[in-house]
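Asks: Prediction below, plus the sequence it came from.
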Amino acid sequence: MWRLWLLIGFARAQVYKFEKEAVPESKSLNLLYVYFLSAEGQTPNVTKAPPYVEFRGLTVTSTDPAKSDESLKGYQGFQIHMIRYEDLWNLVDTSRMCSNTEDVQQGLSKKEDHLILKRSPGQSLESVHVYRHQVSFYQKEPDEKQLVQGRGVYFLVLSNCGSFDKATISGEVVVRNSHGFLPGNEYQKMPFYGILAALCLGIFLVWSLLCLRWWKVLFNIHLAIGFVTFLGILESAVWFFYLSAWNKDGLASKPFFSISVLVSVTKSTLSYMLVLSACLGWGVTKPILDGGTICRISCISIVYIILNVVREVVLSFRHTQSVPIPFVLLCLLPVSMMNGGIFYWIFSALTNLMETLEAQGQKAKLALFKRLWWILVLSITFAVVVLLAQIFVFANDAEARWQEQWLVTDGAPQGGFLFILLAIMWLWAPNEDSQRFAYSAQLDEEQEGMGSVEKAEVMSNEDVDVIGARG
């Protein structure tokens, strides 16, 4: 099963291109790629077209100066197969993979130097979910399209059952689902991000109306919340169009993917910084943060964005032959350490702020931040549950879990983001009492006799940074 999860990391499109790729050693095979074909009923409301695999422009070229392509044109050892994951090792016996004259006589194979696939006499390859294409030297084999009958996870397998292995292969193998070229394990993300974009747009419009209604008592944190919501719209829209283009063309655009990752990482980073700023008292106990704090937050944000973009790109386009494991760890560890540092800063700042408010007797503000504390605890608990779910999904039978993979990789994290965003909006929603609640101290019993003029002076001495009051 580990082979499947390893190859899932490479499965970024439904088109696999051979670009002068070295062939397997003699009497061996290579597992090259993973294709996902959606099960019936998994892609509702789409035009039903039969899934197919197409072998295009495939040819083998000799790299041995002593052997020309023309002299090897009768070589029959190279074959490309698409074999269903659950059937692969039932069909292929690694101790006796390649056919010889005796195997042909016994009916185990039609030709010598072919991969032996165990099946009942007279049973076709399609009936056991195998789709085969012969690859030859000297000339390209005609392009071949085969309809795929079974749904599920398929391996792309290149076998060499002959005695010659000094060669390279070129061409491509294309698989199309009934809904398009988007892999079956990615398809559900497309409508999900479309719905999420519409939902974030609705939230953004409601927040914008609230901000316009209370413009005169609006603070910078209200604008920051709106900007993070806008980034949520942008992120969902970019991912939706990226997946739509992939579904149409069959190739995942690396530049488009990089832009999507950049937007996602920026949104996540600014969301963290928004929560941190709120825990530091911005918008409730402080009109503005001091310069040193703003500088630290800005520097951490920039570094965090850079490290996260590098991490996402490396993990998405990794390949064990080109990216060493130490380099992958080097990309992961700094981000993990920064996550821990940011979470510590958030809870440390929130704890200190709550202690200060309690000492000052500001019960209303203390109640607000207690609610925020519980919201953050619930969010972290949810994140841990999602992490455990991801471990469960990737540790169990991959063939049975790939259809739900998007729920733990995209659905749950985005749901967590919406929960935090709506909670922050609920706690910091602008209203007619925003300015008085944010920057006026709660009056204790000794201040109850203070006149209205004296109370006004207390408030006027605050360094209030109100958007609508700027001229």
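Replies: Received, thanks.

Asks: okay, CA-based contacts and neighbour counts for the rest of this
Replies: Noted.

Asks: Make sure Ala237 is actually in contact with Ile195.
Replies: No. Counting by Cα atoms under 8 Å, Ala237 stays clear of Ile195, with 9.5 Å between them.

Asks: Looking at the two, which one has more neighbours?
Replies: More crowded of Ala237 and Ile195, by other Cα atoms under 10 Å: Ala237, with 20 against 15.

Asks: Tell me the secondary structure at that one.
Replies: Look at Ala237: counting by DSSP: H, G, I helix; E, B strand; the rest coil, its state is helix.

Asks: if you skip the residues just before and after it, what's nearest to it?
Replies: In space, not counting the residues next to it along the chain, Ala237 is nearest to Ala197; the distance is 5.7 Å by Cα to Cα, 6 or more residues apart in numbering.

Asks: My reading is that that neighbour lies in a helix. Confirm?
Replies: Yes. Residue state for Ala197 (three-state DSSP) corresponds to a helix.

Asks: what sits against it?
Replies: For Ala197, the contact set (Cα atoms under 8 Å, 6 or more residues apart in numbering) comprises Gly232, Ile233, Leu234, Glu235, Ser236, Ala237.

Asks: Ranking by neighbours, what's the top pick from those residues?
Replies: Within the contacts of Ala197, neighbour counts (other Cα under 10 Å) peak at Gly232, which reaches 28 neighbours.

Asks: packing partners for the helix or strand hosting it?
Replies: Using DSSP states H and E, the element containing Gly232 is helix 220-249. Identification of packing neighbours for helix 220-249 by 3 or more Cα pairs under 8 Å, 6 or more residues apart in numbering; DSSP states H and E yields helix 189-213, helix 254-279, helix 412-428.

Asks: I'd like to know which of the ones you listed lies nearest to Lys20.
Replies: Lys20 lies closest to helix 254-279 among the helices and strands packed on helix 220-249, at 21.1 Å (Cα to Cα).

Asks: Flag every buried residue along the helix holding Gly232.
Replies: Of the residues in helix 220-249, those buried by neighbour count under the rule 16 or more other Cα atoms under 10 Å are 221-222, 225-247, 249.

Asks: Stretch 70-79 too?
Replies: Buried-residue list, stretch 70-79, by 16+ other Cα under 10 Å: Leu72, Gln76, Gly77, Phe78, Gln79.

Asks: Turn the residues you listed into TSV, columns for distance to Phe204 and pLDDT.
Replies: TSV is the format used below for the buried residues of stretch 70-79 (distance: Cα to Cα, whole Å; pLDDT from 0 to 100):
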residue	distance to Phe204	pLDDT
Leu72	65	92
Gln76	62	91
Gly77	61	93
Phe78	57	95
Gln79	55	95
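
Asks: about what we covered before: tell me the angle the helix holding Gly232 makes with helix 412-428.
Replies: Direction vectors for helix 220-249 and helix 412-428, defined by axes from the mean of the first three to the mean of the last three Cα atoms, to 10 degrees, enclose an angle of 160 degrees.

Asks: Report how many residues lie close to Pro334.
Replies: Pro334 sits with 16 neighbouring residues when counted by other Cα under 10 Å.

Asks: Whichever strand or helix holds it: what's the following helix or strand?
Replies: Assigned by DSSP H and E, Pro334 falls within helix 325-360. Beyond helix 325-360 on the C-terminal side, the first helix or strand identified by DSSP H and E is helix 363-395.

Asks: For that next one, what is the distance to the chain centroid?
Replies: For helix 363-395, the distance between its averaged C-alpha position and the chain's averaged C-alpha position is 21 Å (Cα atoms, centre = their mean, to the nearest Å).

Asks: Quick one: list the elements packing against that helix.
Replies: In terms of contacts (3+ Cα pairs under 8 Å, 6+ apart), helix 363-395 is packed against helix 325-360, helix 412-428.

Asks: I'd like a version of these in CSV, one that adds distance to Val310 as further columns.
Replies: As requested, those are exported to CSV (distance: least, Cα to Cα, whole Å):
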stretch, distance to Val310
helix 325-360, 7
helix 412-428, 20
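
Asks: coming back round to it: inside strands: which ones of the buried residues of stretch 70-79?
Replies: When strands are assigned by DSSP state E, the members of these inside them are Phe78, Gln79.

Asks: What is the nearest of the buried residues of stretch 70-79 to Ala66?
Replies: Each of the buried residues of stretch 70-79 was checked against Ala66 using Cα to Cα; the closest is Leu72, at 10.9 Å.

Asks: give me every residue that touches that closest one.
Replies: For Leu72, the set of contacting residues under the criterion of Cα under 8 Å, 6+ apart consists of Phe137, Tyr138.

Asks: can we see that at 10 Å?
Replies: With contacts taken as Cα atoms under 10 Å, 6 or more residues apart in numbering, Leu72 has the following neighbours: Val60, Thr61, Ser62, Ser136, Phe137, Tyr138, Phe164.

Asks: Check Gly184 too.
Replies: Contacts for Gly184 (Cα under 10 Å, 6+ apart) come out as 14, 35-39, 42-43, 151-153, 176-178, 402-403.
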